[in-house]
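Student: Generate coordinates for the sequence data below:
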Amino acid sequence: MLAQTLRSGIIFSLDEEKIMSTTRVIEFQNLLFEPKTKFHLDHPNEITLADMHGNAMKLIYALIQYGVLELEANIFHYETLMSIYLTPVDQLSEKDLTTFNEILSRATFNPKKTSCLRLLGDLFADRGANDWFTLKVLEHLDKNNVNYEITLSNHDLEFIIDILSNKKYNTFHLDTEFATSIKNLGVLINKELVSDKQVEDIFQNHYLPHLKAISYNLKKQKDKKLEIFSHAPIGFETIQSLADEYKTSYKASNSKELCETIDNINKNFLTETKQTPQNFAKKITAEFKEKKPTSTHRITWNRIFDKISFHPLKDLNIKTALTMVHSHSSCKKKENYLHNDVHFKDLDCYNSLGLSNGTNLVSKGPIGVHISYKPPAKNFNFNFFNGIKSKIYNSTISKPKEGKSATY
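Tutor: Below you'll find the predicted structure:
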C-alpha cells in the first residue's frame, strides 16, 4: 500500500511494508521546508540515518519526519531554525543562539517513537554550517530520554581528537574546506558567544557516552537476522582487528558470540577514549600521519571492498540473514548490493543532502524507506528566508507552553 502526500507539487510515496525494516532509504528530502510527510509506525523501530555532513538541520528534519521531534504548531519555528542556521557565522548573535536553543527547549521530544536512533556519523567537522547547533540537538535528545547511538566516523574523529587534545577547532587530517562546521564553531568561541566549557560539557555528557566503534541489531524472532552497522563498509576482518586493538578476545562462531565481541570492543574503546584521552588522541594522530592501515582507520575511512571477508555463523544462513549497513562510501550506483553473498545496504548513495551551508539543501537521489523519486524543482528561491528572522523576532509567539515566555 502506498501512502502519498502532496506538498509543493512534489509527491512522496512510501511503501508501508518496507518501512518496517530496521533501516530504510528515503529518496527525496527538501530541508528548506519542515517535512509534512511523517513516517509514524505502530511500534517503535530502530531508525538508522546516513551521514549528517555536519548539518544540524538535516538531523532536525529527520527527527521531525519520524515523529521523534515535534515543533510547536502554527509557528514559524522550523523556518526560524533554518534562517539562523543559514546566517553567516560572523553575523550570528547571542540572540540567534538563544533563539535556536529556546525553540528546541519548547519542542516536544517523543522517545517512544524509536527504540534506538542510530547515527552513522559525520555529525561534526564536516561541510555543514556550525557544530554548535548539532551539539545542542544532541543535548536536547539526551535530556529528553531519546535513546541514540553514534558510530565512529572520519569527520567526527577530527572533532574528537581536537576536543580531547587542544581545542583549537581545526582538523589534524582533513583539509579545512571539508570541515567548515568545526572551524565555524571556533569562530563562535573567539566571539565569546560560546565557551570551551560549554562545548566540553556537551561533548562529555551527551556525545561521548553514546559513541560506538561499530554497532549491531540481532533480531530475536525464530528466523534470526543480524545487522551490523558501521560508518564505512567493513567485514569480519575489521571486527577481528578491532578486537585486537581494543584488547578483547574475538569470538564469532555464532551471532551471539559476535555480538558479545562487538559489545566488548565498544566497552574498551569508550574506556580508552574517556580514561586516557590524551593517549588516545596521540595514538590516532600518529596512526594517520604514518598511514597505518589500522582498524580505526578502516571503520572510519574505508571505501575498498576487495579485502572484505566473512565466514559462516553457525546459527545464521549467511546468504540471507546477515546485512552489513554502512554509510560514507558516496556510491552513486545503487544502495543495495551483494558482496561474497552478504547483503550490504549503503545509506550513503547520492547523499549530498546538507553537504554545505547554503547549498545542497534538496536531495538529488536516494539518501538513506523506499519512496518514488521525483526530481526537485531546479530554481528554489533561497531569498525565501530573508526577513523571516526579523519577522519572527518582532512578533509575539502565540500559545507558549505553560511557564515559558512568549518571547525569546
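Student: The spatially most central residue of the chain and Ser83: what is the separation?
Tutor: Per C-alpha atoms, centre = their mean, the C-alpha nearest to the average position across the chain is that of Leu119, at 3.8 Å. Distance, Leu119 to Ser83, by C-beta to C-beta, to the nearest Å: 25 Å. (Each C-beta comes from the backbone N, C-alpha and C, glycine too.)
Student: Ok, Glu102 next?
Tutor: Distance check for Glu102 against Ser83: by C-beta to C-beta, it reads 14 Å.
Student: which SSE is the closest residue to Ala213 other than its chain neighbours in?
Tutor: Nearest residue to Ala213 in three dimensions, chain neighbours excluded: Phe269, at 4.6 Å (C-beta to C-beta, 6 or more residues apart in numbering). When elements are assigned from DSSP states H and E, Phe269 belongs to helix 255-275.
Student: Likewise for Val137?
Tutor: Under the criterion of DSSP H and E, Val137 resides in helix 131-143.
Student: average pLDDT across that helix?
Tutor: Averaging pLDDT along helix 131-143 gives 98.
Student: For it, name the packing helices and strands.
Tutor: helix 56-65, helix 94-106, strand 148-151, helix 180-190, helix 196-202 (3 or more C-beta pairs under 8 Å, 6 or more residues apart in numbering; DSSP states H and E).
Student: Chain neighbours aside, what residue packs nearest to Leu117?
Tutor: Leu117's closest residue in space is Tyr148 (C-beta to C-beta, 6+ apart), at 4.0 Å.
Student: Assess the claim that the one you found and Lys113 are in contact.
Tutor: No. Tyr148 lies out of contact with Lys113 (C-beta atoms under 8 Å); the separation is 11.8 Å.
Student: burial count for Gln275?
Tutor: Close neighbours of Gln275, defined as other C-beta atoms under 10 Å, add up to 9.
Student: So it versus Ile265, what's the distance?
Tutor: When Gln275 is compared with Ile265 (using C-beta to C-beta), they lie 16 Å apart.
Student: quick revisit: between helix 56-65 and the helix holding Val137, find me the angle.
Tutor: If you take axes from the mean of the first three to the mean of the last three C-alpha atoms, to 10 degrees, helix 131-143 sits at 30 degrees to helix 56-65.
Student: Quick check: buried residues in helix 131-143?
Tutor: Going by neighbour count (16 or more other C-beta atoms under 10 Å), the buried part of helix 131-143 is Asp131, Trp132, Phe133, Thr134, Leu135, Lys136, Val137, Leu138, Glu139, His140, Leu141, Asp142.
Student: Flag the shaky bits of the stretch 101-250 of the chain, pLDDT-wise.
Tutor: Judged by pLDDT under 70, the stretch 101-250 of the chain has its weakly predicted residues at 220-223.
Student: at 80 what do you get?
Tutor: Applying pLDDT under 80 to the stretch 101-250 of the chain flags residues 219-224.
Student: And for the stretch 301-408 of the chain?
Tutor: Judged by pLDDT under 80, the stretch 301-408 of the chain has its weakly predicted residues at 305-307, 312, 316-320, 329-343, 347-408.
Student: Swap in 50 and give it another go.
Tutor: For the stretch 301-408 of the chain, applying pLDDT under 50 flags the ranges 358-359, 363-367, 369-408.
Student: got the residue ranges for the helices in the stretch 251-400 of the chain?
Tutor: Listed in chain order, the helices of the stretch 251-400 of the chain (DSSP state H, counting those that start in this stretch) span 255-275, 277-289, 295-301, 318-321, 388-393.
Student: Just the C-alpha atoms of the fourth one, please, in CSV.
Tutor: The C-alpha trace of helix 318-321 is given here as CSV (Å, rounded to 0.1, in the frame of the first residue of the first chain):
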residue,chain,number,x,y,z
ILE,A,318,24.9,-16.0,5.9
LYS,A,319,23.5,-15.6,2.4
THR,A,320,20.1,-14.4,3.7
ALA,A,321,20.3,-13.4,7.3
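Student: Summarise which helices and strands it is packed against.
Tutor: For helix 318-321, the helices and strands in contact under the criterion 3+ C-beta pairs under 8 Å, 6+ apart are strand 342-346.
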